[in-house]
Every structure is written in structure tokens, then in C-alpha cells.
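Novice: pasted the sequence and its predicted model underneath.
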Amino acid sequence: MADRLTQLQDAIDQLATIFYCALRYVGTHHDFVPTHNEPKVRDDTLQPDPPHIFRSSQQELARDLVLKTKQIEVLIASLPGIGVSEDDQKERLKELGRELEKAEEERKKSIREKEELLVQFDEVVRSLKRV
Amino acid sequence: MAEEQDSRRASLFPTPPSFYTHFTPANQEKLKEFQTAAKDNEDDENASKELPEELVCLIPPKPPTDKYQSFGQIWTLPERHPTLQELNIPQLFPEPNDESYNVDRAQELRRLSKSLLLNYLELVGIMGISPEEYAEKVYHLRIHLINIHELINNYRPHQARETLISMMEEQLEKSRQETEDNKKACAKIRELLGSLSTFDAGGLLTPTATTTDTTPTTTTANTAIATTTSASDGVRNWEERDKSSWEALQQAGL
């Protein structure tokens, strides 16, 4: 999974795509309404959707828009390290480095201890065989 | 000529520069001669200018100090991200002031995304009334999008540090867990060693000792069970210990 910032960036791009799609859909699928008693205008490059489909498509596009915006807001709110300054981060990094070194030392110590015990155990088993 | 050069620079696999044919052993010899000659009379400033044209290319140019061009793109030295002002794009967020910057950034992002949506709404309105005036709003949308991307990209170093912190925390946790596991395994082995010595003192090993060494352990155990029926409790105990010792050995990574 991509990190938060990339997700946010993608969401923004998708929002822009939705912007375009919505306008384009309305632009290419709308029907014409005659004024007064003029004949209804026709445009052969347009294929108007029947009113109920047009309406529901419009609503779907609007819902997409709102959803995407909400998603963007959530992503912004969950950006990592909000309210942490760069100095705090550096301090934390140093501290973690020290702790890691300590933990690593202890880990090595415990491994050594384990190996020593294994050798000891091995000796006991061998001595048992010889009895 | 200039056009040809441009297309060559921008092509995916540019042809080598025309002067590569000058790099011949003979020319290099000649260059050496020229350089030694130039060293002999160092006072003569014009020595390098006297180099014939085919030799000039053999001397590498000085490294660029300001900016350079590579594959049709201009790179600055030292390399850095161009600011919006440099790209002639109005900046819609305030300049960072170190302290509360990160809080501000999220706030700015939120504001910009709201404003983006509002601009779109205005664009839709304009398209309904006078579609020919779209250009300005589209420009606004574009500026907003660029600004948001700029903010996000400026945020990246911060996120990288944050990711590093979480990774280090994870590693610390892992390391501590391993130490803990090792210690547990050690304690178990110690316990086992202690119990083994008492177990040995109980003299239950003697059946194994009486049978010949070459017989497999399973038959040894069987004969032990067969011969020492009275001590069946002891044998069960022995089996249990055997099982626990195997478990301990497996935990210790044997």
C-alpha cells in the first residue's frame, strides 16, 4: 500500500478527473429544452440520455465528487506526524538509535548465553551416552 | 543546426557528440606534446588557444557550477526543487515559519481542497451562464492543484522521518522480543539441566547402561519398560521429561 502522501496525491488527481468527467458528461449527454414555441434544437454530435438516466448519472457524479472530497479530508487528517516539529523528530530518532543499540547488545548477549547453554547441554547429553 | 541539436538532445537515445571521432591515439599523443610544450613556456598565456580544433575537445571542460542541461531538462546546482515563484505560479499558502509548520500544512491542505471544490462549483456555474469565460476559472483550478501538489511534496521529508521513526520502533520491539524469547529458552534449559542431574541421581538411567550401546534407543526404552514394570511410574515420568526436553531443545533452535 502506498504511503499517506501518495494516497492523498492520487486522491487529488482522481478528484480532478472527476471534475472533468462530470462536466463532460453534462456537456455531451444533456437534452435540449425548447423555449416558448420554437422547435427543439437538435445536435447530431450529442446523444442525450433519457431524463431519468441523466438525472441519476448526475447524482452519481455529484456523490463521487463529495465522496472523494471527504476521502481527501480524512487523508489529510491522518497524515503522519502532524503537530510534530522537525526537531522533535530528530530528537526521537536519536533516542531510538540509542535504545536500538542497547537492545541489540542485549540481544547478542542473550544469544551468547543461549549458545553457551547449548554447549553445556550437549556435554550433558554426551556424558549420558557414555554412562 | 540548432534545431537538429535540440532534437538530438531530447531524443531517448541521443547519438554521441560529433567530436568523438577526435579521440584517437594519434591525437592524444599530439595533445601530450602540446601540453609539454605549453609547460615549457608557461608565461605564454595563449598556449591553449593555439591548440588545433580537433585537440580542444580532448581536454575535459570544467564542471558546471550553476546549472546544467541533461536530456533537455535544466538542473540546478546544488540540486533542489524549484519553488513556485521560480515557476511563475502564484503561491496560495503562506511561507513556512518553522514552529507550527506541520500543523499549518495540514490546515493549508484542508483549506486548499475546500477552495478547490468551491472553484469547481463556480466553474460549473460559469459554464451554465457564459461558457466562454471558462479560462479564468480553469486557470484557478490549475493553480490550486499545483499548489496542493507542491504542499504535499514539501511534506515528504517529514513523512520520511516519521516512517523511519516507526520502522525503528518496530525493530526495537522485535529485538526486545527476541531477547525475551532467548531468555525464556535459557531459563528452560537451565531448569532442564537441573532436573537432569536429579534424574540421573535417581538411577533410572541404569537400564540403558546395562544394554549394549549398539541397540537403538527405542528398543532400549522398550526393554527398560519391560524389565522395570514395577517402576512404571518412574518410566512415565521419564517419558514426560524426555518430551519436555525435546520441546526445550526445539525452542533453543536446535
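Specialist: Perfect, I can see it now. Numbering: from 1, shown residues only, chains lettered A, B, ... in the order given.

Novice: now do the helices in chain A.
Specialist: A:4-29, A:51-77, A:86-130 (DSSP state H).

Novice: could you list the buried residues of the shortest one?
Specialist: Using 16 or more other Cβ atoms under 10 Å in any protein chain shown as the test for burial, helix A:4-29 gives A:4-5, A:7-9, A:11-12, A:15-16, A:18-19, A:22-23, A:25-26, A:29. All C-beta atoms are positioned from the backbone trio N, CA, C, and that covers glycine.

Novice: show me the shaky parts of the chain.
Specialist: You didn't say which chain, so I picked chain A. A:1, A:129-131 (pLDDT under 70).

Novice: hm, I was asking about chain B
Specialist: In chain B (pLDDT under 70), the answer is B:1-11, B:40-51, B:96-103, B:198-238, B:252-254.

Novice: let me know which of the helices of chain A is tucked in deepest.
Specialist: Each of the helices of chain A was scored by mean neighbour count; the highest is helix A:4-29, a mean of 16, by mean count of other Cβ atoms under 10 Å in any protein chain shown.

Novice: what about stretch B:173-190, near chain A?
Specialist: Yes. Stretch B:173-190 comes into contact with chain A (Cβ under 8 Å from any Cβ of the partner chain), by way of B:175-176, B:178-179, B:182-183, B:185-186, B:189-190.

Novice: ok now that stretch, how far from the chain's centre?
Specialist: With Cα atoms, centre = their mean, to the nearest Å as the basis, stretch B:173-190 stands 30 Å off its chain's centre.

Novice: what's the answer for stretch A:38-52, then?
Specialist: Distance, centroid of stretch A:38-52 to centroid of chain: 41 Å (Cα atoms, centre = their mean).

Novice: before we move on, what about stretch A:116-131?
Specialist: Distance of stretch A:116-131 from the chain centroid (Cα atoms, centre = their mean) equals 55 Å.

Novice: ok, stretch B:171-180 next?
Specialist: Stretch B:171-180 sits 22 Å away from the centroid of its parent chain (Cα atoms, centre = their mean).

Novice: now stretch A:60-73
Specialist: On the basis of Cα atoms, centre = their mean, stretch A:60-73 is displaced by 15 Å from the centre of the chain it belongs to.

Novice: by contact count, what packs against the helix or strand in which residue B:186 is found?
Specialist: For residue B:186, the host element (DSSP states H and E) is helix B:134-201. Counting contacts by 3 or more Cβ pairs under 8 Å, 6 or more residues apart in numbering or on different chains; DSSP states H and E, helix B:134-201 is packed against helix A:4-29, helix A:86-130, helix B:101-129, helix B:232-251.

Novice: quick one: secondary structure of residue B:69?
Specialist: Here residue B:69 is strand, with the state taken from DSSP: H, G, I helix; E, B strand; the rest coil.

Novice: contacting residues for residue A:104?
Specialist: Contacts for residue A:104 (Cβ atoms under 8 Å, 6 or more residues apart in numbering or on different chains) come out as residue B:175.

Novice: quick one: it from residue B:170, how far?
Specialist: Residue A:104 sits 14 Å away from residue B:170, going by Cβ to Cβ, to the nearest Å.

Novice: cool, and residue A:7?
Specialist: With distances taken as Cβ to Cβ, residue A:7 is found 21 Å from residue B:170.

Novice: what does residue A:120 give?
Specialist: For residue A:120 relative to residue B:170 (Cβ to Cβ), the value is 34 Å.

Novice: just residue A:17 next, same as before
Specialist: 36 Å.

Novice: same check, this time on residue A:46
Specialist: Separation of residue A:46 from residue B:170 (Cβ to Cβ): 57 Å.

Novice: with residue B:24 instead?
Specialist: For residue B:24, the distance to residue B:170 (Cβ to Cβ) stands at 59 Å.

Novice: and what of residue A:3?
Specialist: Distance from residue A:3 to residue B:170, by Cβ to Cβ: 15 Å.

Novice: ok, and of the buried residues of helix A:4-29, which contact chain B?
Specialist: A:4-5, A:8-9, A:12, A:15-16, A:19, A:22-23.

Novice: could you dump those into TSV and include distance to residue B:127?
Specialist: What follows is these, written out as TSV (distance: Cβ to Cβ, whole Å):
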residue	distance to residue B:127
A:4	34
A:5	32
A:8	28
A:9	27
A:12	22
A:15	18
A:16	16
A:19	11
A:22	11
A:23	7
